[in-house]
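Participant: Fold the following.
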Amino acid sequence: MAPPDANLHPVATGRAAETVSQHQNPQDLTFYSAWFCPFSQRVWIVLEEKGIPYQYKEVNPYKKEEHFLQINPRGLAPAVEYRGKAIYESLVLLEFLEDAYPSYKPNLLPSDPSDRAHQRIWIDHIAKAVVPVSMRLTMTQPNEQEKLETARNELYEALRKLQNEIKGTCFAGERFTLVDAVIVPWVLRDYVSAEHRAFKREDVGDGWAEYAKAIETRDSVCRTMSVSERDKAKVIYNRYLGGDAQSEAAKAIKAGRPIP
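Facilitator: Okay, the predicted model is just below:
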């Protein structure tokens, strides 16, 4: 039997669909993406931000089609083929794009090794502290009030720690960085927790709502967001809200394991 989300809306819409249509010609880099996936969007934003040539191919990671499994044996988006070689994992891909396309600007990691390490620390914080607890908050049921409050407060605390490091409209000031690219897909989707789990940007602390607004309205971000995302992806978020999501990330959260 096919997984319940195998028949999701198959393609991006709105500005994201326009972006897809502009990237259909073969290139050295083929980008395999799921239009609804925040992990894919991280990579897509960086491709757009840097102006890297790429060919876009839509995949549904719930279907695990044979060709895509040859690119990524785990069947998870995002992934790329670069000059005949397969690469996957969103955070690995972000650094790969910096390394493989050094002449494409802007550089999204600083040149100073200490500054690069500092940004990697906060990318790691987002991956280990922000994303898992954000997903756990969404998956915690309304009748579990104590767990719900605990998850919400843990998310606030994780975001406050990040907020304390932000230097301007972007993480490092006015310059967009990989840190911003890593967090912004979850900023875009925090409406789910706001509408159903009493999350409020303003409760994170001074400056978070302003920072969130600044990065979510950036052009490279808008070019990768489907206009009907809330409508077409509602079936996915309803599964998370109902506690029966079937993604590998959701399974990991339920089992208390790191997100794959």
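
Participant: can you give me the strands for the stretch 1-150 of the chain?
Facilitator: Counting by DSSP state E, counting those that start in this stretch, the stretch 1-150 of the chain has these strands, from start to end: 29-33, 55-58, 79-82, 85-88.

Participant: Report the distance from the third one to the chain centre.
Facilitator: In terms of CA atoms, centre = their mean, to the nearest Å, the centre of strand 79-82 is found 17 Å from the chain centre.

Participant: Repeat that for the longest one.
Facilitator: Relative to the chain's own centre, strand 29-33 is displaced by 15 Å; criterion: CA atoms, centre = their mean.

Participant: For it, name the packing helices and strands.
Facilitator: Counting contacts by 3 or more CB pairs under 8 Å, 6 or more residues apart in numbering; DSSP states H and E, the secondary-structure elements packed against strand 29-33 are helix 38-50, strand 55-58, strand 79-82. For every residue, glycine as well, the C-beta is placed using N, CA and C.

Participant: doesn't K167 make contact with V179?
Facilitator: No: with the criterion set as CB atoms under 8 Å, V179 and K167 do not qualify as a contacting pair; they are 10.6 Å apart.

Participant: quick one on the thing from earlier: which stretch among the helices and strands packed on strand 29-33 approaches K232 most closely?
Facilitator: Ranking the helices and strands packed on strand 29-33 by their distance to K232 (criterion: CB to CB) puts strand 55-58 first, at 12.8 Å.

Participant: chain center to stretch 92-104: distance?
Facilitator: 17 Å.

Participant: low-confidence ranges in the stretch 151-260 of the chain?
Facilitator: Regions of the stretch 151-260 of the chain meeting the criterion pLDDT under 70 cover residues 227-230.

Participant: for this protein, what's the longest helix?
Facilitator: With DSSP state H applied, the helix covering the greatest number of residues in the chain is identified as helix 145-163.

Participant: which parts of that one are buried?
Facilitator: Of the residues in helix 145-163, those scored as buried under the neighbour-count criterion (16 or more other CB atoms under 10 Å) are L148, A151, R152, E154, L155, Y156, A158, L159, L162, Q163.

Participant: name the helices or strands packed onto that helix?
Facilitator: Counting contacts by 3+ CB pairs under 8 Å, 6+ apart, the secondary-structure elements packed against helix 145-163 are helix 113-125, helix 131-139, helix 208-216.

Participant: Point me to the residue sitting closest to the centre of the chain.
Facilitator: With distances taken as CA atoms, centre = their mean, the chain has P38 as the residue nearest its mean C-alpha position (2.9 Å).

Participant: before we move on, the earlier item: including distance to I259 and mean neighbour count, could the strands of the stretch 1-150 of the chain go into TSV?
Facilitator: As requested, these are arranged in TSV below (distance: least, CB to CB, whole Å; neighbours: other CB atoms under 10 Å):
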stretch	distance to I259	mean neighbour count
strand 29-33	18	23
strand 55-58	22	18
strand 79-82	16	21
strand 85-88	14	14
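
Participant: Of those strands, give the one that comes closest to Q119.
Facilitator: Comparing these by their distance to Q119 (CB to CB), the top pick is strand 85-88, with 20.7 Å.
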